[in-house]
Structures are given as structure tokens and as C-alpha cells.
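Participant: generate coordinates for the sequence data below:
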Amino acid sequence: MTQAAAEVLAAKVKTIIRDVPDFPKKGIVFKDITPLLADPAAFAEMIKHFAAQYRNAGITKVLGIEARGFLLAAPIAMELGAGLIPVRKKGKLPYKTISASYDLEYGTDTLEMHADAVAAGEKVLIVDDVLATGGTAAAVCALAEKLGGKVAGVAMLIELEFLNGRSKLAGRDIHSLIKY
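Facilitator: Numbering: from 1, shown residues only. The predicted structure follows:
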């Protein structure tokens, strides 16, 4: 996809995403992607865009971050012919896990993934809906690398630039479609 086509897609998707003020708490404007998920043509175009960014990167696993990241990661993984790894909140996975805690824009949390989810040397793509402060994505990168994985990229539908999340992901290939 050319830069011009990506800009057209970004503008289109931006009109579909809904702002929800004061959610999950006062002062935060939540970017609701459910209207995008309900639009099959726009959703498919967005998934194909992200897959195209990483098609030749040798990705073997796509790590989707709970919960909206799952919705994007699964079809991206299918497009890339890669496995899907769910990264979940603490206590949600049934097998042996590794974990990382992180700060986010309105509190702290812990994420886990199965201890055997990524093999040493595997190239992984981290996927979520929003890059805010960068803590969540940085924690997932750390989890993948703890298992010996190589983070080939971090793909985010939305980037909230004013929160400077890229600073926690310095030196990483980050691709976001929409920036606010």
C-alpha cells in the first residue's frame, strides 16, 4: 500500500471510530473501535494494510494484547500465515505463564502469556488497538524477549501521540495507522 493509500485508509477509519468521553474515568476520551469492527469492508481493508506492512518480515507468531488486540491480531495472523498468541490479564491463562507488570494512563496492570508461547529465535509481531503511554506494549515486548523471541514490529491501530508511548518502545519498528 502506498503512503497516499494509507493516508486515505487512515482518514476513512478515523471517521468510523467513535469517541466516548469520560470512559473508563473522567477526563479520558475512549476511542471505540466497535463501529470499525462492524464495518466488514473497512475492517478487512485495515487488516490487509497491517498484514502488508509485515508480510516479508518472517513473522511466525502474532501476539494479541487483551482484549481488543485479540480482535485485530487474529485476522492479521491469518493473513500472515502465523500463529496467534493471546497475551492476557493475570490469572486468565490455564497453563504455566510468565508475567510483566506495567503502568498505563489510568493505573497499573499485569499481563501474562504461556511460558511456551514463543520459541527462541521466533519473529513476533505485537498487536493492540491503542498505543497510549507505551507501558502495555513494552511489557509484551519484554515477555516475548524473555522467551528468546525477536520482536519484528509493534502494530497499533491508534496512537495517542500526546502520551508519548513511543518513548518506551525506542528502537522498535512501530506502525500505527491513525494518530491523535
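Participant: give me the residues contacting the helix or strand containing L71.
Facilitator: With elements delineated by DSSP states H and E, L71 resides in helix 68-80, which encompasses its position. With contacts defined as Cβ atoms under 8 Å, 6 or more residues apart in numbering, helix 68-80 is touched by 33, 37, 47-48, 50-51, 54-55, 59, 61-65, 83-84, 86-87, 125, 127-130, 155, 157. Yep, even glycine has a C-beta here, placed from its N, CA and C like the rest.
Participant: among those residues, which lie within strands?
Facilitator: Assigned to strands by DSSP state E, the following of those qualify: 61-65, 83-84, 86-87, 125, 127-130, 155, 157.
Participant: which among the residues you listed gets closest to L9?
Facilitator: Using Cβ to Cβ, L157 is the member of the ones in strands among the contacts of helix 68-80 that lies nearest L9, at 11.1 Å.
Participant: burial count for the closest residue in space to the closest one that isn't next to it in sequence?
Facilitator: Counting by Cβ to Cβ, 6 or more residues apart in numbering, L157 lies nearest to D129, which is 4.9 Å off, once chain neighbours are set aside. Counted with other Cβ atoms under 10 Å, the burial measure for D129 works out to 22 neighbours.
Participant: cool, L147 as well?
Facilitator: Other residues near L147 come to 17 when the count uses other Cβ under 10 Å.
Participant: and what of I98?
Facilitator: The burial count assigned to I98 is 17, neighbours taken as other Cβ under 10 Å.
Participant: state the distance from it to L63.
Facilitator: As defined by Cβ to Cβ, to the nearest Å, I98 lies at a distance of 12 Å from L63.
Participant: can you list residues touching both of these two?
Facilitator: Each of M113, L143 lies in contact with both I98 and L63 under the rule Cβ under 8 Å, 6+ apart.
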